[in-house]
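Peer 1: I would like to see how this sequence folds:
(one chain, ligands or ions: 2)
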Amino acid sequence: MRELIEKMPKVELHLHIEGSLEPELMFQLAKRNNIDLPYSSVEEVRAAYDFGNLQDFLDIYYAGCKVLIHEQDFYDLTYAYLKKAAEQNVMHTEMFFDPQTHTERGIELETVAKGICKAAKAAKEDFGISSLTILSFLRHLSEEAAIATLKAALPMKDKFIAVGLDSSEVGNPPQKFQKVYQMAGEEGFLKVAHAGEEGPAQYIWDSLNLLKIDRLDHGNRAMDDEDLLKELKQRKMGLTLCPLSNRKLQVVKDLKDHPVKKMLNKGLKATVNSDDPAYFGGYMNENFIAITEALNLSKRDLFQLTSNAIEVSFVNADRKADMMHKLNKWMKA
Ligand code: ADE
Ligand code: ZN
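Peer 2: Ligands and ions are numbered 1, 2, ... in the order given. Model (predicted):
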């Protein structure tokens with residue numbers, strides 16, 4: 001199965017570029033930018049990645065981002081992720097970035113966006129991997145701050161395909177961001193949101209009905225609500241599940257309890273993704289291998305997960321057909 005998974009052409013739809021910051025690059029950038037890290041070695045960093053919940057992780061993740069200062073840093077981060085993804089046969093990826101994590105530290109949005117987009121262009125030329133970028137609002141901050149971020153992004157809006165919503169979920173419900181999502185929609189952005197990772201099924205309902213999302217990030221807690229599962233199926237809503245992340249953040253106790261297979265059986269458009277691969281122990285291959293072993297997934301299941309990802313991705317019909325053709329070739333082999 002391992003070799004089959006490694007060879008499968010893949011699509012990633014839930015990846016935080018800041019979450020792909022490997023400890024080795026963190027140290028390199030800290031040195032380059034004269035920043036003190038609270039760790040003395042790569043091993044010590046990895047040992048700190050033992051999280052009880054989402055907030056434990058976010059505290060460490062935002063601290064790690066402080067080494068990212070210059071356009072070149074964002075370029076190096078993005079290029080390293082795209083190279084790794086291409087090596088794992090990822091054909092296409094849709095990357096989140098959190099502008100406010102950087103603008104709050106005095107870094108210009110343009111610096112961040114330029115570094116990411118230049119790396120995306122170079123990686124397309126060097127490795128053939130295509131990518132899109134999703135501008136994600138931090139939900140622990142105010143809606144006014146999200147609106148200011150959206151406005152700052154408008155002069156370069158062709159660089160971003162969608163807006164997203166991430167960070168601390170419980171206590172920061174979708175309705176807090178209803179206005180900024182409406183504005184983003186009017187500006188032509190597609191819309192996604194993290195919901196039902198730690199928060200209740202109601203946050204998923206509200207993401208559908210109030211934020212009018214085009215795709216749902218995580219969505220695990222939909223399993224608590226039969227009517228919601230029917231609604232997601234009826235809408236053909238994509239769900240970007242993240243198995244290793246869910247285990248690391250204790251969203252599931254054991255991967256054997258992960259809902260992805262049950263979701264497939266119910267006809268939901270479930271997909272498998274890495275979320276923050278540098279923090280959660282693996283990229284796309286490691287996620288697919290771990291969940292396949294835990295749930296005894298078949299080649300047919302793997303095909304379904306990837307054809308779902310192609311279908312609910314934000315690329316045009318030609319690119320979808322091209323990727324489906326590659327996946328069909330793998331299926332027949
Ligand atoms: N930011 C980065 N990864 C995240 C996750 N899994 N949930 C919420 N916010 C995040
Ligand atoms: Zn995420």
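Peer 1: Can you pull out the low-pLDDT segments for this structure?
Peer 2: Applying pLDDT under 70 to the chain flags no residue at all.
Peer 1: partner residues bridging the residue of it at minimum distance from ligand 1?
Peer 2: Among the residues of the chain, Asp166 lies closest to ligand 1, at 3.5 Å counting by C-beta to the nearest ligand atom. Placement of C-beta: from N, CA and C, glycine included. Beta bridges link Asp166 to Leu138 when assigned by DSSP bridges.
Peer 1: how much space between it and Tyr203?
Peer 2: 13 Å (C-beta to C-beta, to the nearest Å).
Peer 1: Check Leu244 too.
Peer 2: Noted for Leu244: a distance of 22 Å to Tyr203, by C-beta to C-beta.
Peer 1: And for Ala193?
Peer 2: Distance of Ala193 to Tyr203, computed by C-beta to C-beta: 9 Å.
Peer 1: Neighbour count for those two, which is higher?
Peer 2: Using other C-beta atoms under 10 Å, the more surrounded residue of Ala193 and Tyr203 is Ala193, with 32 against 24.
Peer 1: Can you classify that one by secondary structure?
Peer 2: Assigned by DSSP: H, G, I helix; E, B strand; the rest coil, the conformation of Ala193 is strand.
Peer 1: what's near enough to touch the closest residue to it other than its chain neighbours?
Peer 2: Ranked by C-beta to C-beta, 6 or more residues apart in numbering and with sequence neighbours excluded, the top spatial neighbour of Ala193 is Leu165, at 4.1 Å. By C-beta atoms under 8 Å, 6 or more residues apart in numbering, the contact set of Leu165 is Ser136, Phe137, Arg139, Pro174, Phe177, Val192, Ala193, His194, Ala195, Ser207, Leu211.
Peer 1: Spell out which residues of the stretch 1-150 of the chain are next to ligand 1.
Peer 2: Within reach of ligand 1 by C-beta under 6 Å from any ligand atom, the stretch 1-150 of the chain has these residues: His16, Gly19, Leu54.
Peer 1: TSV for these, including secondary structure?
Peer 2: TSV is the format used below for these (three-state DSSP):
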residue	secondary structure
His16	strand
Gly19	helix
Leu54	helix
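Peer 1: Closest one to Phe314 out of those residues, please.
Peer 2: Comparing those against Phe314 with C-beta to C-beta picks out His16 as the nearest, at 16.6 Å.
Peer 1: how deep is that closest one tucked in, by neighbour count?
Peer 2: Applying other C-beta under 10 Å, we find 25 residues neighbouring His16.
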